[in-house]
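[1] quick one, structure for this:
(one chain, ligands or ions: 1)
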Amino acid sequence: MRRAQLRDLRLWDGTWTWCSGFRDGLPWWCWGSAPAGLVTLSQLREQRLRRRAGQDPFGLLVFRKHGCGEQVAELYRVDLAVAARTYTLAVAASVAAMCRAHRTCRRCRREFDRYLPTSTWTCWPCMQATGDFGEPAA
Ligand SMILES: [Zn+2]
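    Just a heads-up that it's a prediction; the model follows:
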């Protein structure tokens, strides 16, 4: 079998490299030959990173696994990835505070066991007292 011809490829930083070819419009490499700065999803996770919203793969990694045939993994740019969110105590506290804000009347400061309407942020007695029911101005 003839070895696939290497193709020139320009990277996001303007440097030239090569790839093994293109598949579905994406450059692909064999295991171990992908340029630095491109990693698979599991490698991103190992670095406690995650994809940015809407981040598309830059290329593909094609490799063979014993008994599984050809495997294709998507490669993502590390420089575009963002730090993975970990559910820390601080995050939990801010979520709790947010929920509390939704349940607390902004006028009488009483806390309820359900969310208050976001149009007024007040409880029913307060809405009756102020006459503001959050209806659009006529
Ligand atoms: Zn109230």
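[2] then the longest helix along the chain to CSV, C-alphas only?
    Secondary structure of the chain per DSSP state H: the longest helix is helix 89-103. What follows is helix 89-103, C-alpha atoms only, in CSV (Å, rounded to 0.1, in the frame of the first residue of the first chain):
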residue,chain,number,x,y,z
LEU,A,89,-18.3,25.3,47.6
ALA,A,90,-18.2,28.8,46.3
VAL,A,91,-20.3,27.8,43.2
ALA,A,92,-22.7,26.0,45.4
ALA,A,93,-23.0,29.0,47.7
SER,A,94,-23.7,31.4,44.8
VAL,A,95,-26.3,29.0,43.4
ALA,A,96,-28.0,28.9,46.8
ALA,A,97,-27.9,32.7,47.0
MET,A,98,-29.5,33.0,43.6
CYS,A,99,-32.3,30.6,44.6
ARG,A,100,-32.8,32.6,47.8
ALA,A,101,-33.0,35.9,45.8
HIS,A,102,-35.7,34.4,43.7
ARG,A,103,-37.7,33.5,46.8
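[3] residues in contact with it: which ones?
    Contacts of helix 89-103 with the rest of the structure, by CB atoms under 8 Å, 6 or more residues apart in numbering, involve 85, 111, 112, 113, 114, 115, 116, 118. In this view, the C-beta of every residue, glycine as well, is placed from N, C-alpha and C.
[4] mind giving me the packing neighbours of the lowest-mean-pLDDT helix or strand in the chain?
    In the chain, the helix or strand scored least confidently by mean pLDDT, DSSP states H and E is strand 82-83, which has a mean of 88. For strand 82-83, the packing partners by 3 or more CB pairs under 8 Å, 6 or more residues apart in numbering; DSSP states H and E come out as strand 49-50.
[5] what helices or strands is the strand it packs on leaning on?
    Judged by 3+ CB pairs under 8 Å, 6+ apart, strand 49-50 is in contact with strand 82-83.
[6] could you list the domains of the chain?
    Using automatic domain parsing, the domain parsing of the chain gives 7-83, 89-130.
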